[in-house]
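> no sequence for this one, just the structure:
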């Protein structure tokens, strides 16, 4: 148990569906992250939020829309996805920008399958 | 950030020490070495980090060479549950730097009975 929870753990959706992934951290951190991990590929950073503001968008297609209502919650809204978007989506949290630590704490991930 | 090079895979006998090397020959003076691991289908887990001194915690030891161009992560008594992909990451530590980490391919450690 890392203090970062993600729901759902598994999701199957059609290409025309709209769904959302949820992440919650109970660590008092001020930075939250979305990563994507496709089969046999390294983790790819998607988005970074510091103190609720998006500070990094790693050229992610607009069919992925993040939302960070407060420092403890992070959402990833999904719409009109493609089969190649099937992957493990991981959320992480850490101290916010301005700190020296890069200790990121990861959730268990959401295994997404797009049919 | 400096690039790292790790072997693709390694085996280790259960109960023996696992020594995982990482080469970071272009590391600069203000860059830390971080280690994470990822057990199959789980999120990565932070293990340890260091700047130039050797570090030890309840999970592992980190040995950094004097010239800082390479490091070794040591799991003193590997168990089957240590089977995972281990990532070595070099990252500048600065109050003004971004807080992103870049994960490479890592080393797949297989602990065998």
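Done, it's in. Given the structure is predicted, the values throughout are model-derived calculations rather than measurements. Numbers count the residues shown, from 1 in each chain, chains lettered A, B, ... in the order given.

> What sits closest to residue B:16 if chain neighbours are left out?
residue B:78 (6.1 Å; Cβ to Cβ, 6 or more residues apart in numbering or on different chains). The way it works is simple: take the backbone N, C-alpha and C, and place the C-beta from them, glycine included.

> and that neighbour, how many residues sit next to it?
21 (other Cβ atoms under 10 Å in any protein chain shown).

> same question, residue A:60
There are 17 residues near residue A:60, going by other Cβ under 10 Å.

> Please apply the same query to residue A:38.
The burial count for residue A:38: 13, using other Cβ under 10 Å.

> show me the contacts for the residue of chain B at minimum distance from chain A.
Residue nearest to chain A within chain B (Cβ to the nearest Cβ): residue B:43, separated by 3.0 Å. With contacts defined as Cβ atoms under 8 Å, 6 or more residues apart in numbering or on different chains, residue B:43 is in contact with A:2, A:4, A:90, A:91, A:92, A:106, A:107, A:108, A:109.

> Who does the fourth one form a beta bridge with?
Pointing back at residue A:91 there. Beta-bridge partners recorded for residue A:91 (DSSP bridges): residue A:34.

> Can you read off the pLDDT for it?
Note on residue A:91: pLDDT of 96.

> before we move on, back to that, ok now do the nearest residue to the residue of chain B closest to chain A once chain neighbours are set aside, which residues does it touch?
Closest residue in space to residue B:43, ignoring its immediate chain neighbours: residue A:106 at 3.0 Å, by Cβ to Cβ, 6+ apart. Residue A:106 makes contacts with A:2, A:4, A:35, A:90, A:91, A:92, B:43, B:44, B:45, as judged by Cβ under 8 Å, 6+ apart.

> got it, and residue B:90?
Residue B:90 neighbours (Cβ under 8 Å, 6+ apart): B:1, B:2, B:3, B:4, B:24, B:27, B:31, B:32, B:33, B:34.

> restrict these to those near chain A?
Applying Cβ under 8 Å from any Cβ of the partner chain, the subset of the contacts of residue B:90 adjacent to chain A comprises B:32, B:34.
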